[in-house]
Structures are given as structure tokens and as C-alpha cells.
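1. Build me a structure from this.
(3 chains)
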Amino acid sequence: MELSLFNILDILGTIAFAISGALSAMNRRLDPFGIFIIAFVTAIGGGTIRDVLIGSTPVTWMENIIYVYLIGLVTILAIVFRNKLFYLKKSLFLFDTIGLGVFTITGVETGIQNDLNPIISIALGAMTGTFGGVIRDILCNEIPVIFRKEIYATACLMGAFVYIILFDLGVDPDIIYLTTSLIVIGIRLIVVKYHISLPSFYLSSGRKSN
Amino acid sequence: MELSLFNILDILGTIAFAISGALSAMNRRLDPFGIFIIAFVTAIGGGTIRDVLIGSTPVTWMENIIYVYLIGLVTILAIVFRNKLFYLKKSLFLFDTIGLGVFTITGVETGIQNDLNPIISIALGAMTGTFGGVIRDILCNEIPVIFRKEIYATACLMGAFVYIILFDLGVDPDIIYLTTSLIVIGIRLIVVKYHISLPSFYLSSGRKSN
Amino acid sequence: MELSLFNILDILGTIAFAISGALSAMNRRLDPFGIFIIAFVTAIGGGTIRDVLIGSTPVTWMENIIYVYLIGLVTILAIVFRNKLFYLKKSLFLFDTIGLGVFTITGVETGIQNDLNPIISIALGAMTGTFGGVIRDILCNEIPVIFRKEIYATACLMGAFVYIILFDLGVDPDIIYLTTSLIVIGIRLIVVKYHISLPSFYLSSGRKSN
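-> Numbering: from 1, shown residues only, chains lettered A, B, ... in the order given. A predicted model of the protein is given here:
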């Protein structure tokens, strides 16, 4: 069972999102299995939607047992070191951001490998990056990350955009991967640190939908 | 890249649902990318569930770049003309209803083309029609349309039912499409105008589920 | 149209979850079509996610009309006998538990038939068992079953685990099916009767996620 660079990135994102899921679940005071399940769904959510939309089934985590073991291990470690993770402050934010950056790459990569239009590959990258976190937040009854004030999916889209440009220029994959994830993670860090947000548009009165 | 009648209907529904998604997102005061994402997910949701359930992958919007451009354009226009749309009152209702009518057709059509049982094609039509709106409402934290007082999915089921009957009678596709969408849209318009609702059934006491 | 043992189990789970969905929907005072739709989505949810993840499309309920008829019939009966069901107390709990037990089996079975790793088959079993109920609860705005105090998904995982062990021992399928469902259902019954719950872990202060 050999791992490609794609698998390695996928596993990195899986670990990061699993930690963020476990932290959210502990916030909700779930029991160990509940924590595992939230960690699992958060970790595989993005990759699963990517695989299902593209028609690559059985989905990635089903064909490689390493994902299940990793998420189990991460869950145990997150439970044991839960207070350490707390003192690291913002750890939920950090791991969510790493997962976002890495899964954006695997989404764009999948699009390219399936000969999809570059713009569509960007969209697939954004979905792959954000979907796990959205599921986590819906299940844990938090306001979904993509709706919070700070720029979120936008970071994803920008990273994916740069990926496509570098790819067209024929840049080495390793450099593309590194650049893309640094852009996504960098934008998120700067944006949250300085409370940068895009302007919002709203309807001119308190209109309620039908 | 030529467009079939199927694609044209799909695009019409996409535009209508994109507008309804953008309006909902502006109601929530999201930033431009947030508005785009809600518009996107609302617009492609129904078609995506249709394609995934039937196994037609990569899903439709991935193989035709026009969907992404259209939703982007619709989002920009919806933001620019947001107050005009407000003065049109009920515009969210209207566009949601158009999307519902058109996507019901593409769902039933897909069922027939895949040799599914007519009853199952009706179910697929109802799912394709309602799924985008349900996702939009869950993400925007509104009460999902299918649960509001007025007849909603029922309009969808009736339109799909008539589609199947006309199809069995060998009626010309164009006439089937027109009739079906008019039925779905007509039922919705009448039902909302006159506040018609079906009787509801409930359990005899304030029993709470387990 | 002949039914395999797999189909029969799938149908049993479908009926049980359809009843639980109809009861939840009546709790929400939906109209008959709303009740049908919740019953339908609850009943097919687990099997649909199983089929989509594994790439077995069109999904099971699309290729066999019996599912749609059954859910329709169950919905009508649930409406007619709604007060009888109420007097049976805990009926929502009971039917949810039966569906959980039976769908766990079809999930594990699907994993094995697709030559997936046993551990992954267990995960697929747990997802197939719980997904319908989770959708039902999200749509009906209840706290998802997997997050309530009592052991839920854990029962599923234990049943699936025993399934794999018996399968490795070469035990007769019928006995495996019976044992697995009795374990899942038995654990749930005992756990709810005696209010058994696993310990929960939480972070050492009222930390809010980012």
C-alpha cells in the first residue's frame, strides 16, 4: 500500500480536520464515540464530496484503511491532550485553516486530473476545502464557518486560483502545493488577526423571505 | 459546446435558484463571496443530487463551464439590483417557484432517460426540484420551504405526475415541458395567493419524541 | 422482480425508519405530503448514502419500485393509526432502533461484498444505520439522535464489529443477521431503560470556538 503525494496531502488535511472536529465535539460535551464520529465526518467530508461529485467511488477513505486508523488515533490524542490544546488557544482555528489549505489543493488537483475546466477545478477545490468544516458546524450547531465575519471561502478560492495559474506556467507540483497552502493559510491568519472582512450587501429594509 | 433542450431548462432553473439564493444570502448580510457561494449551492443543489443518485458523474455543472459563469453573473446582477428586486416584492418566492418548476422537469426527464419506473421518476423530479431550496434554507437558517404552511413539494409531485401521463400519451416534449412547469408554478401562485394549505395530522397530545 | 435476503432486510429497515419519520413529521404538524416526504427521506437516507459512497448507482430504491409503494403505504397507515402509535409509547424510539439494527447489517454486508477492509465495512455499517435518523432530525429540527445522552452510534459500531467477527468465523449469514440486529437493538433497549451513558470529555473552561 504505497502513498502518492496526493494521498499524503489528503491525510494531512484529514488529521487537521479530525482535530478540529474532535475539539468542536468536546465543546458539545459528547461521549468518546460521539467525538470520534464528529472527527470522522469532519475529516472525510471534504474528500467525500469531492470523490462523489467526480464519480470516483468507492470514495478515497474506503480504499485505504489508514484514514480510519488515523482519525481514531487523532481522536484519542485529542481527548487525552484536550487541555493542552486549549492552552494553545485558537487551536480549532489553526487546524481548521490547515485542513482548508490542504483540501483545497486535493480538490483542484482532482479537477485537473479529470480534465475539468480550470474554473470548475477552482470551484471543486473550494468545495473540498470547506465542506468538512460546514458539516462539522451544522452537526455541532455552530454558525457555519463560511458565514462568519472573516474571509473564509474567499481564501480558498484565491489559493485555488493561484494553483491554476502556477499549473498553467508548468511550475513543479511540490512548489504549487506549498504556495497554494501558504496562500490559503496566510490569508486566513492575516484576516483573523486584523479582523479584515469584505463589505456586505443587504436589502434596503428588514424584508423577510416568503 | 452545444446545448440540448435539457441543458437549456437546467440553465433556466440554475438562474432562477441562483437569484433566490443570492436574495437569501443578502438577507443574511453576507459578503460578496458568501452571496456567490449560497447562490451557487442553491442553483446546483437540485441537479447535483439528481446526477449523484443516478450515477451520472462528473455532475452536470462540472462538464459545462456555462453554469459557473452564469451563477457568477447572476450574483453580480443580484447585488447591483438588489433594491430593484426588493421593490418587485415576492421576488424570492417567484424565482424559487420558477426553479422548482423547471428542475422538476429535468428530474423526471432524467428518470425516464435512465429507464426508471415512472413513479420513481416522479420522486426524482420532486427531489431535484426541492433540494436546492432546502439546502439554501438550511444554510441560511430559514425554516426549509418544504415545511412552510403552503403546498410546496405537492405542487412538484403534481407537475411530475402530469409529465408522466403526457409522456405516456406520446405528447410532444416541448408541450410536456411547458405544461409541467405551468402546473407547478400555477399551483404555487394560487396556493400562496389564497393561503391554501392541506390539513395536517398530529399526535393527540404534546408527546415529545424520545 | 425477485427479492434477495439483502433486499428484504433493506425493506424492513425502510419500513421501520419510514414509521419513525412519519411520527416525527406528525409531531411537527406537517400536512400529508410533508409527512410522506420526511418518511421517505428518513427511510431511504441510510441506504442512499451507502450506495452513493460505494458507487452503486442508480441507488437501490430507484431500481425497485417496492420502496416507494411501501413508504407511501406506511405513511397512510401511520396517519390513520397515529393515536394508536402514540399509546404504544416510545414507538418512535422502537422503530428508530429497529431501522438502526437492520441498516447496520446492510451497510456492513455492502462493504464485504465490495471487498472493502472489515474496519471500513464497520464504518459503512454505522453510517448506513445512523444517516436516515440524522437527516430526519435535522429536517425536523430535533437534536440529532447521535448527540443525545444515550449510547446510539456505539450500539451500531458494536453490532457491526460482531458481524465482522462472525463472518470471519464462517457463520451462516442468517445467524449473523439475527445476532447483529439483536445486539444493536438489545444495547439500545438496555441503555435507554437504565439511562446508561458513556463519560463525556470537555475542555477545561467555557471556551468558545473561533
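2. Residues of chain A that sit close to chain C?
-> Residues of chain A found near chain C, taking CB under 8 Å from any CB of the partner chain as the criterion, are A:23-24, A:26-35, A:37, A:40, A:48, A:52, A:55, A:57-59, A:61-63, A:65, A:68-69, A:79, A:82-83, A:85-86, A:90, A:92-93, A:96, A:138-139, A:142, A:148, A:192. (C-beta placed from N, C-alpha, C; glycine too.)
3. Also within reach of chain B: list those from these.
-> Contacts with chain B are made by A:52, A:55, A:138 out of those, judged by CB under 8 Å from any CB.
4. hang on, isn't the last one packed against residue B:138?
-> When you say that, I think you mean residue A:138. Yes - using CB atoms under 8 Å, residue A:138 is in contact with residue B:138, at 7.4 Å.
5. Out of the ones next to chain B among the residues of chain A next to chain C, which comes closest to chain B?
-> For these, the minimum distance to chain B (CB to the nearest CB) is 2.7 Å, reached by residue A:55.
6. just curious, which of the ones next to chain B among the residues of chain A next to chain C is nearest to chain C?
-> residue A:52 (5.9 Å).
7. Helix or strand: which one has that closest one?
-> helix A:32-54 (DSSP states H and E).
8. Residue A:73 too?
-> Per DSSP H and E: residue A:73 is located in helix A:66-80.
9. Using CSV, write down the CA coordinates of that helix.
-> The C-alpha trace of helix A:66-80 is given here as CSV (Å, rounded to 0.1, in the frame of the first residue of the first chain):
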residue,chain,number,x,y,z
ILE,A,66,-5.1,4.4,7.0
TYR,A,67,-7.8,7.1,7.2
VAL,A,68,-9.9,5.3,9.8
TYR,A,69,-6.9,4.4,11.9
LEU,A,70,-5.6,7.9,11.8
ILE,A,71,-8.9,9.5,12.7
GLY,A,72,-9.2,7.1,15.6
LEU,A,73,-5.7,7.9,16.8
VAL,A,74,-6.2,11.6,16.5
THR,A,75,-9.5,11.3,18.5
ILE,A,76,-7.7,9.6,21.3
LEU,A,77,-4.9,12.0,21.3
ALA,A,78,-7.3,15.0,21.2
ILE,A,79,-9.2,13.6,24.2
VAL,A,80,-6.0,12.9,26.2
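10. ok, the residue nearest in space to the middle of chain A to residue A:18 distance?
-> In chain A, the centroid-proximal residue (CA atoms, centre = their mean) is residue A:100; its distance is 3.2 Å. As judged by CB to CB, to the nearest Å, residue A:100 and residue A:18 stand 14 Å apart.
11. same check, this time on residue A:68
-> To residue A:18, residue A:68 is 11 Å away according to CB to CB.
12. again with residue A:45
-> Relative to residue A:18, and taking CB to CB, residue A:45 is found at 11 Å.
13. Neighbour count: these two, which is higher?
-> Per other CB atoms under 10 Å in any protein chain shown, whichever of residue A:45 and residue A:18 has more neighbours is residue A:18, with 30 against 23.
14. hang on, the earlier thing: next, the buried residues of the helix holding residue A:73.
-> The neighbour-count check on helix A:66-80 (16 or more other CB atoms under 10 Å in any protein chain shown) flags A:67-68, A:70-71, A:74-75, A:77-79 as buried.
15. Which one of those is nearest to residue C:176?
-> The closest of these to residue C:176 turns out to be residue A:68 (CB to CB; 21.7 Å).
16. quick one, what contacts the closest one?
-> Applying CB atoms under 8 Å, 6 or more residues apart in numbering or on different chains to residue A:68 gives the contacts A:40, A:61, C:119-120, C:123.
17. contacting residues around the residue nearest to residue A:38 when sequence neighbours are not counted?
-> Leaving out its chain neighbours, the residue that sits closest to residue A:38 by CB to CB, 6 or more residues apart in numbering or on different chains is residue A:25, at 3.8 Å. Contacts for residue A:25 were tallied using CB under 8 Å, 6+ apart; they are A:34-35, A:37-39, A:140.
18. phi, psi of residue A:58?
-> For residue A:58, the backbone dihedrals are phi -50, psi 140 (criterion: degrees, to the nearest 10).
19. what's the neighbour count on it?
-> 19.
20. So for it, what's the pLDDT?
-> If you check residue A:58, the pLDDT there is 90.
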